[in-house]
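Visitor: sequence plus the predicted model coming up.
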Amino acid sequence: MYFEEVARYAEESEQSEKRLQYLELAKQAKPLQVDRRTILKQFFKEDELQLNLEKVEPVISNTPEGIIAMPLGGAWKQHKELVEKYLYSTLDAPTKMEALAAAGWNSGLFVYIPDNMEVDVPVESIVQHDGSILQYTLIVVGVNSAVNIVERTSGNPNFRSEVVEIIGLDNSRIRYANVQNISTNSVNFSSKRAKLERDASLVWFDGNVGSKLTVARTASQLVGNGSNVKSLGLMFGDESQHYDVNAIAQHIGTDTSGDMFARGVLKERAKAVFRGLIKIEKEAHRTESTQTEKMLLLSGDAEADAIPELMIDNNDVKCSHGATIGEIAESDIFYLRSRGISEEDARELIVKGFLSSITDELDIEGVEEYIQEIVVPRL
C-alpha cells in the first residue's frame, strides 16, 4: 500500500521522527470524508493508489533581504528552532490526507517575515511536477508586518495532497493566493489552515481550475481580538471535473470580522459543491461575518450546490449568508450584442467580469491575468 512509500521517504527525510508520527495518524484516521454529493469512488480508489515520492523543490522568486523564503527542508536544517516552533501548530486532529501530507511532504515552502517589516513585492513560489506531490507550506508573519504571497502548482501528478499553515501574529497583514492548475487526470486534496492573533488580517484566495477531482478545505481561526479574515474561493470546471470545496471561519476572539466569497463557473458536465461555515464561539462578542456564494452554469449538464451554514453561540453578532446559482441572462447577451459584440465575445466578457469580482478583492498583481490565461481558452 502507499503507506510503505511514505514511510520510506519520511525515514530518509528531515524531521523523520515527527513525520512517522503523522504517518501513524494517517493509518488510524477514518476513511475520507466528502460531501454526500461527491461520489468519491468515481474518481479515486484509495486501495489502488500508488505513490512515487522524490524531492520537488519550489522555484521561489521576489525574496527581499531580511525575510526567509526557501524550501521547507532546507529551512528545517538552517532555521530548525524557528520552523519547529510553528510547523504543524494548527494541525490538531488532522484528517487522513492532512496527516499523509505532514508525514511525506516531498515539496515544501517556508516563508518567515520578521517583526515590523513590510514586503513590497509578492513572494512567489511555483511547483511543476509530473510525479506524486505531497506538498507542505508554512508561513509565519511577524508583529506589525505585511506580505503578499502567491503559490502556483501545475503538472501531471497522479496524486496531490497539500497542507498550508499560516500564522499571523499581532497586527500582521497577509494576502495569500494559491492557484491549482494540475492536469485533469489528477486527484487533488488540499487543506489550508490559518491562526490569526490580535488585530491580524488575512485575505486568502483558493483558486481551483485543474484536476479531475478536488477536495479542498480552508479553515481560519480568529483567535485574537480584532482579527479579521476574507476568504475568497474561485472554481472553473469543464468536461467532468468535480470540486468539493469547504470554507470555515471560526470566530474565537472579540470584535472579529470575516467575509467569505466564492465564485464558480461550470460548463459541460462539471460539478461543484461549496459549503461555507461561519462558527461563532460563546465569547466571540461583537462578531461581524458574512458569506456569499455564486455559481454560473454555462451548460444544461453542469451542476452546482452552494450550502451556507451559520453556527452562533452568542447573540451579540451580525451575520448574513446567501447563495445563488444560475445561467448567463439572455438580456445581458442581448445588451452586449446590441453594442456590436459577438455572442462568443459577450459570453467571454461576462465570465471574465464574474470571476474578476473575486480576484479584485485579492488585489495581488498578476493573479487575475494568470487565471484568465487558463480560463479564457477553455470557454
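Guide: Nice, thanks for sending it over. Numbering: from 1, shown residues only.

Visitor: for this structure, longest helix please?
Guide: helix 343-362 (DSSP state H).

Visitor: next structured bit after that one?
Guide: The helix or strand immediately downstream of helix 343-362 is helix 367-375, counting by DSSP states H and E.

Visitor: which strands and helices sit next to that following helix?
Guide: strand 173-182, strand 201-208, strand 228-237, helix 343-362 (3 or more Cβ pairs under 8 Å, 6 or more residues apart in numbering; DSSP states H and E). From N, CA and C alone the C-beta is placed, and that goes for glycine too.

Visitor: picking up where we left off before, how many degrees apart are the longest helix of the chain and helix 367-375 in direction?
Guide: 150 degrees (axes from the mean of the first three to the mean of the last three Cα atoms, to 10 degrees).

Visitor: run the chain-centre distance for helix 343-362.
Guide: Relative to its chain's centre, helix 343-362 lies at 21 Å (Cα atoms, centre = their mean, to the nearest Å).

Visitor: with stretch 135-155 instead?
Guide: Centre to centre, stretch against its chain (Cα atoms, centre = their mean), the figure for stretch 135-155 is 11 Å.

Visitor: quick one: end-to-end length of that stretch, please.
Guide: Using Cα to Cα, to the nearest Å, the end-to-end distance of stretch 135-155 comes to 13 Å.

Visitor: contacts for the helix or strand containing residue 112 next, please.
Guide: Here residue 112 is covered by strand 107-113, with elements defined by DSSP H and E. Residues from elsewhere that reach strand 107-113, judged by Cβ atoms under 8 Å, 6 or more residues apart in numbering: 55-58, 60, 67-73, 75-76, 79, 82-83, 119, 123, 125, 127, 129, 133-142, 145-147, 149, 151, 172.

Visitor: swap in 7 Å and give it another go.
Guide: Here strand 107-113 makes contact (Cβ atoms under 7 Å, 6 or more residues apart in numbering) with 56, 58, 67-73, 75, 82-83, 119, 123, 125, 127, 133, 135-142, 145, 147, 149, 151.

Visitor: now stretch 181-189
Guide: 43-44, 97, 153-161, 180, 209-215, 239, 241, 374.

Visitor: my guess is residue 6 meets residue 101, correct?
Guide: No: counting by Cβ atoms under 7 Å, residue 6 sits too far from residue 101 to count as a contact (9.6 Å).

Visitor: ok, those two, which is more surrounded?
Guide: For residue 6 versus residue 101, neighbours defined as other Cβ atoms under 10 Å are more numerous around residue 101 (31 against 27).

Visitor: can you list the helices and strands packed on helix 367-375 in TSV and add mean neighbour count, mean pLDDT and distance to residue 16?
Guide: Shown next, in TSV, are the helices and strands packed on helix 367-375 (neighbours: other Cβ atoms under 10 Å; pLDDT from 0 to 100; distance: least, Cβ to Cβ, whole Å):
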stretch	mean neighbour count	mean pLDDT	distance to residue 16
strand 173-182	23	97	27
strand 201-208	23	97	31
strand 228-237	24	96	34
helix 343-362	16	91	37
